[in-house]
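Visitor: Mind looking at a prediction? Sequence and model below.
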Amino acid sequence: MGEAILSRLIASNIYLPPDVCVSDPMPERRDFLSQKYGVQVTPNNLIAAETEVMMLAVKPQSLNSVAASLVDAPAPCIVSILAGVTLSHLEDLFPAKAVVRAMPNTPAQVGAGVTAIAPNALVTTAQMQAVHKIFQAVGTVVEVAESLMNAVTGLSGSGPAYVALMIEAMADGGVAAGLPRAIAMQLATQTVLGTAQLLTETKLHPAQLKDQVTSPAGTTITAIAQLEKSGLRSAMIEAVLAATRRADELGK
Ligand SMILES: NC(=O)c1ccc[n+]([C@@H]2O[C@H](COP(=O)([O-])OP(=O)(O)OC[C@H]3O[C@@H](n4cnc5c(N)ncnc54)[C@H](OP(=O)(O)O)[C@@H]3O)[C@@H](O)[C@H]2O)c1
């Protein structure tokens, strides 16, 4: 995820390569990142005094040891993308620092992610603008109260897996109906992408779109009746709630 954000920041000229320093313990990764993106690299988490934002993108289980090496870092604003790590935990590790908790999702890799961000009380307006700029490089950004971060995890954090499952199932349906696999996958994927784009651009409510494509006694309403009988809507609601509960448990 750190590399996905880095690659888009460089590609969209939000930061120039020499202005970014990436820390990674593995020499091969450092060589790869410096050659591919032209950024500075360091093995030891040493942060330059003029650093604007320091982003933490390690696994949550590495946080405590990484934080110990960063406690005196001069960075005025620390951004964490670590799933389940709360602002109060980050504030304990980095006392008196401006801290932003962020939750991106995997479509960030292709610039189509959505990131929810929640700042602590010390984050300034200018720092929030810098954080928005960083995550806008990988998609769209929403600000939420920190108490809603686990719900964000349950919806958009885990959501790409639900949509992938749906695409796979739609393609399976197409294959069952006689389509070749490759064509079924293309039709299913593009239908999801196109519908999401249509809803975004027209601001139609999903129910309005559904009404527009369901003619009396037609094919689509017949399919929807089947989906309702199988509990699709309820399954999706319960899935988001279950993931949110699991994020709550993991954060304790
Ligand atoms: N993947 C997602 O979709 C996603 C979405 C939202 C949030 N997140 C969060 O993003 C974080 C990273 O997840 P990921 O999937 O990108 O994991 P990952 O691929 O394992 O990335 C972790 C990175 O941290 C580096 N690292 C480990 N120890 C370090 C240290 N002491 N100092 C500096 N760098 C160190 C690792 O280096 P090496 O590769 O050399 O070991 C690796 O490049 C997690 O906290 C996760 O919760 C991920």
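Guide: Yes, it's here.

Visitor: mind giving me the domain ranges of this protein?
Guide: 2-146, 159-250 (automatic domain parsing).

Visitor: Please identify the most buried of those.
Guide: Among the domains of the chain, domain 2-146 has the highest mean neighbour count (mean count of other Cβ atoms under 10 Å), at a mean of 17. Bear in mind the C-beta positions are built from the backbone N, C-alpha and C, glycine included.

Visitor: average pLDDT across that one?
Guide: The predicted model assigns domain 2-146 a mean pLDDT of 92.

Visitor: what's near enough to touch the residue of the stretch 101-250 of the chain found nearest the ligand?
Guide: Relative to the ligand, the nearest point of the stretch 101-250 of the chain is residue 106 (4.2 Å; Cβ to the nearest ligand atom). Listed by Cβ atoms under 8 Å, 6 or more residues apart in numbering, the contact set of residue 106 reads 1, 4, 113, 160.

Visitor: ok, now residue 112?
Guide: residue 139 are the contacts of residue 112 under Cβ under 8 Å, 6+ apart.

Visitor: any idea how far it is from residue 226?
Guide: 30 Å (Cβ to Cβ, to the nearest Å).

Visitor: that older thread, of the domains of the chain, which approaches residue 153 most closely?
Guide: Closest approach to residue 153 among these is made by domain 159-250 (4.3 Å; Cβ to Cβ).

Visitor: pLDDT of the closest one, averaged?
Guide: Per-residue scores along domain 159-250 average to 97.

Visitor: Next, residue 68: secondary structure please.
Guide: Of the three states, residue 68 takes helix under DSSP: H, G, I helix; E, B strand; the rest coil.

Visitor: Could you pull up the residues touching it?
Guide: No contacts exist for residue 68 under Cβ under 8 Å, 6+ apart.

Visitor: and stretch 88-95, how far out from the chain's middle?
Guide: 22 Å (Cα atoms, centre = their mean, to the nearest Å).

Visitor: which residue ranges form the strands in the stretch 101-250 of the chain?
Guide: Along the stretch 101-250 of the chain, counting by DSSP state E, counting those that start in this stretch, strands occupy 113-119, 139-143.

Visitor: Pretty sure residue 55 sits in a helix.
Guide: No. Residue 55 is assigned strand when assessed by three-state DSSP, not a helix.

Visitor: a helix runs through residue 28, doesn't it?
Guide: Yes. Counting by three-state DSSP, residue 28 is found in a helix.

Visitor: Reformat the strands of the stretch 101-250 of the chain into JSON lines and put distance to the ligand next to each item.
Guide: Formatted as JSON lines, the strands of the stretch 101-250 of the chain follow (distance: least, Cβ to the nearest ligand atom, whole Å):
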{"stretch": "strand 113-119", "distance to the ligand": "9"}
{"stretch": "strand 139-143", "distance to the ligand": "12"}
